[in-house]
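> Okay, structure incoming, though there's no sequence with it:
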């Protein structure tokens, strides 16, 4: 619960049944510091929790007079099914306005205790057992539906009511979407529901796609990876996440299915912007195809985060291919955590192609990355910091990638 507020109730631990008894008291929440766009979700969550705690009257403290906060709050209360009535109260100390709200009686269960409330807004829940059934649900509900896979991103958004889907389609029973197998080109095909921890532990992934394997331990913590899925991370498309950058660097293909058919999208066309992909509302990401690395390829992934397991403030994935005389035939440099989506550094890549690998060349490439980056500033890092660190990490990652490639050549 947000805001400055009193405890929801006094608990008497002296109950003869060994359970605390919640004594209803008047409660209050101070809203004047909240922005107008945040007040709606804060008030709705607060009223629901108070009602579930058995309270019957609460006080909402807001801005002075009859300003915008009061108007927004009154609009919320007029529409709320939880509210019996409300009225203005005498001003608080400091001149802050206040509104007293009378709550409707909370439904009770058979034990005469308040029924438990869910943190998310109400939604319809479906758990299909077949892919075709899931696709039909997506076709039927369209934009109203959200897919639940590992839930490591969706569940917090639901709990905070930052996401309010009308329908949840839980695909965890679609066991045929969890697999790791060799593809037609000796690459890897991975089911979208495959857990990140399974990829981390897979000897086949380590052998066939070592870059993907190396990226897995960098993703959050093992508890998250136990539930999180590869398809969920790619579909969520967080610009600071490792898997979208790895997919872009490796040139993966993503298979999208709908009730009307299937299409294959290249990673370079999949990520459109901040947490936005080319997936249509009626489509489901079913598998990801990772191409086989060239025999003389080298790779590396580097990142800087505040703490182990945090999202990267800046990260880089590099992939290089050498010929027999240590000339770079191809190079890919992908930065993540610096913009709205993972970004290819194409000018820097061009500086490497067809050239020998030297210290001065790597310095030139690092400078090009720092110059071309146009990152954002936020509470985690400034744009200037990200530009500088992006160049440093690129040089470090390229050094490691070329070392691996040179071992493969020899």
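Yep, that arrived. Quantities reported herein were computed from a predicted structural model and do not represent experimental measurements.
> tell me which residues of the longest helix along the chain are tucked away?
For the chain, the longest helix by residue count, based on DSSP state H, is helix 383-409. Neighbour counts over helix 383-409 (16 or more other C-beta atoms under 10 Å) mark 386-387, 389-402, 404-405 as buried. Quick note: C-beta positions are derived from backbone N, CA and C, even for glycine.
> cool, and stretch 74-83?
Neighbour-count burial for stretch 74-83 flags 74, 76, 77, 80, 83 (criterion: 16+ other C-beta under 10 Å).
> ok, the first one touching residue 87?
Read it as residue 74. No: using C-beta atoms under 8 Å, residue 74 is not in contact with residue 87, being 10.3 Å away.
> so what's in contact with the two at the same time?
Common contacts of residue 74 and residue 87 (C-beta atoms under 8 Å, 6 or more residues apart in numbering): residue 99.
> low-scoring stretches of this structure, by residue?
1-26, 65-66, 91-94, 106-118, 409-410 (pLDDT under 70).
> Strictly from the record, what residue spans define the domains of it?
Per the record, the chain has its domains at 4-103, 124-170, 176-290, 297-409, by automatic domain parsing.
> So what's the gap between the last one and the chain middle?
Here the centre of domain 297-409 is set off from its chain's centre by 24 Å, with C-alpha atoms, centre = their mean, to the nearest Å.
> swap in the longest one?
Taking C-alpha atoms, centre = their mean, one finds the center of domain 176-290 at 14 Å from the center of the full chain.
> and that domain, how far apart are its ends?
End-to-end distance for domain 176-290, by C-alpha to C-alpha, to the nearest Å: 18 Å.
> same deal with the shortest one?
The first residue of domain 124-170 is 11 Å away from its last residue (C-alpha to C-alpha).
> Report the central residue of the chain.
Centrality entry for the chain: nearest residue to the mean C-alpha point is residue 153, 4.3 Å, by C-alpha atoms, centre = their mean.
> Give me the subset of the buried residues of stretch 74-83 lying in helices.
When DSSP H defines the helices, the subset of the buried residues of stretch 74-83 inside them is 74, 76, 77.
> between these, which is nearest residue 247?
residue 76 (41.8 Å; C-beta to C-beta).
> In contact with the closest one: list those residues for me.
Counted by C-beta under 8 Å, 6+ apart, residue 76 has contacts 39, 40, 43, 44.
> Next, count neighbours for the last one.
Residue 44 sits with 16 neighbouring residues when counted by other C-beta atoms under 10 Å.
> what comes up buried for whichever strand or helix holds it?
Take DSSP states H and E as the rule and residue 44 turns out to sit in helix 36-52. Across helix 36-52, burial judged by 16+ other C-beta under 10 Å covers 39-52.
> Tell me which two of the residues you listed sit farthest apart.
Farthest-apart pair in the buried residues of helix 36-52 is 39 and 52; separation 20.4 Å (C-beta to C-beta).
> List the contacts of the host helix or strand of residue 139.
In this structure, residue 139 sits in helix 131-141 according to DSSP H and E. Applying C-beta under 8 Å, 6+ apart, the contact partners of helix 131-141 are 126, 128, 145, 147, 166-167, 169, 171, 174, 176-177, 257-260, 281-284, 286.
> which residues in the chain form helices?
So, for the chain - with DSSP H - the helices run 36-52, 68-79, 131-141, 154-159, 196-201, 203-208, 210-215, 222-227, 230-236, 242-250, 267-270, 346-350, 359-372, 383-409.
> Alright, I will stop here.
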